[in-house]
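Colleague: could you look at this predicted model? Sequence included:
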Amino acid sequence: FMCVGLIRPFSLHASCANWLLPARNVRVWTPPSYDLEPNQRYPVIYAHDGQWLMAEGWRSWHLQDTLPALISEGAIQEPIVVMVDAVPPDQPGDLGPDHLPLMRRRWMEYNVDLFGPGQRYLSFVCDELKPAIDKAFRTRSSPADTHALGASMGGLCAFLSLYRRPDVFGNAACLSPVFQAPLIADVVLSGAKKLARPHRARIYIDNGGDTADHRVDLVDGLNEGGYWWLDTSLQPGVDAMAGALRLASPHH
């Protein structure tokens, strides 16, 4: 028998309720032992696009199944997972396509270097949401125990969370991340300093799609929504960032 953990709605009465940063759902998944071990504290994963992590359907990450399985195998420590939803397209506050064609608020928020929505989103996660989570749950609150997770633009956001706020995030998992030349150049030039920290920072980068050694079958790729094509287009940026990180921090 495998325990599955518990998803808990989380209400935060903060400044996340205006045009710059509209209100959104936040849910917290606590691991199987959380209610059984009242003295135990847990590392925390902050996940962008939280609406897909434990949803139903083909877009789901199915973490409601994967996390308990990894925990039962002893492959990972039990984490708390904070799922921060993106603003849905039909909710007031989204920017397109009616207001700004070819633009989504999610893209602007997850590029946390962007003045306005991006910088405000990172500030919300680091300076408002995380202190509230640490107060409400039995977390291990140090950067070494605080992880960022995201895919596509969320993968960029996970990396930038660690890169711009080392006082908060110590680790990042970036799935199919959108890495572009200015950030890659910054990592080459300044990464050694910005990635230096007392603990060993961990950065996981994963990307699908075609590689030099393997090509995704067309039918299989279409059955998965066609995202292999997007991942293939992201591969040069992923390769360049991997090289930049090796130059900047060879021991990380």
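Modeller: That came through, no problem. Remember, it's a predicted structure, so these values are computed and weren't measured experimentally.
Colleague: going forward, measure contacts between C-alpha atoms and count neighbours the same way
Modeller: Fine.
Colleague: ok, the residue nearest to Y34 when sequence neighbours are not counted to R140 distance?
Modeller: Nearest residue to Y34, sequence neighbours excluded (CA to CA, 6 or more residues apart in numbering): Q40, at 7.5 Å. The gap separating Q40 from R140 is 9 Å, by CA to CA, to the nearest Å.
Colleague: of these two, which one has the most company?
Modeller: Neighbours per residue (other CA atoms under 10 Å) separate Q40 from R140, with R140 holding more: 17 against 12.
Colleague: does A148 lie in a helix or a strand, and which?
Modeller: Secondary structure from DSSP states H and E places A148 in strand 146-151.
Colleague: give the buried residues for the helix or strand just after that strand.
Modeller: As assigned by DSSP H and E, the chain's next helix or strand after strand 146-151 is helix 153-164. For helix 153-164, burial by neighbour count (16 or more other CA atoms under 10 Å) applies to M153, G154, G155, L156, C157, A158, F159, L160, S161, L162, Y163.
Colleague: again with stretch 186-198
Modeller: Quick answer for stretch 186-198 (16+ other CA under 10 Å): V187, V188, G191, A192, K194, L195.
Colleague: helix, strand, or coil at the residue nearest to Y34?
Modeller: What DSSP: H, G, I helix; E, B strand; the rest coil gives for Q40 is coil.
Colleague: that one and T232, how far apart?
Modeller: Using CA to CA, we find Q40 at a distance of 42 Å from T232.
Colleague: which intervals of the stretch 1-150 of the chain have sub-threshold pLDDT?
Modeller: For the stretch 1-150 of the chain, applying pLDDT under 70 flags the ranges 1-4, 12-18, 89-103.
Colleague: ranges for the strands of it?
Modeller: Along the stretch 1-150 of the chain, counting by DSSP state E, counting those that start in this stretch, strands occupy 6-9, 26-30, 44-48, 80-84, 146-151.
Colleague: would you turn those strands into TSV with distance to T66?
Modeller: Shown next, in TSV, are the strands of the stretch 1-150 of the chain (distance: least, CA to CA, whole Å):
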stretch	distance to T66
strand 6-9	14
strand 26-30	13
strand 44-48	14
strand 80-84	13
strand 146-151	15
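Colleague: want to try JSON lines for those strands, with distance to V178 and mean neighbour count as columns?
Modeller: Listed next are the strands of the stretch 1-150 of the chain as JSON lines, based on distance: least, CA to CA, whole Å; neighbours: other CA atoms under 10 Å:
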{"stretch": "strand 6-9", "distance to V178": "29", "mean neighbour count": "14"}
{"stretch": "strand 26-30", "distance to V178": "24", "mean neighbour count": "20"}
{"stretch": "strand 44-48", "distance to V178": "14", "mean neighbour count": "25"}
{"stretch": "strand 80-84", "distance to V178": "19", "mean neighbour count": "25"}
{"stretch": "strand 146-151", "distance to V178": "9", "mean neighbour count": "24"}
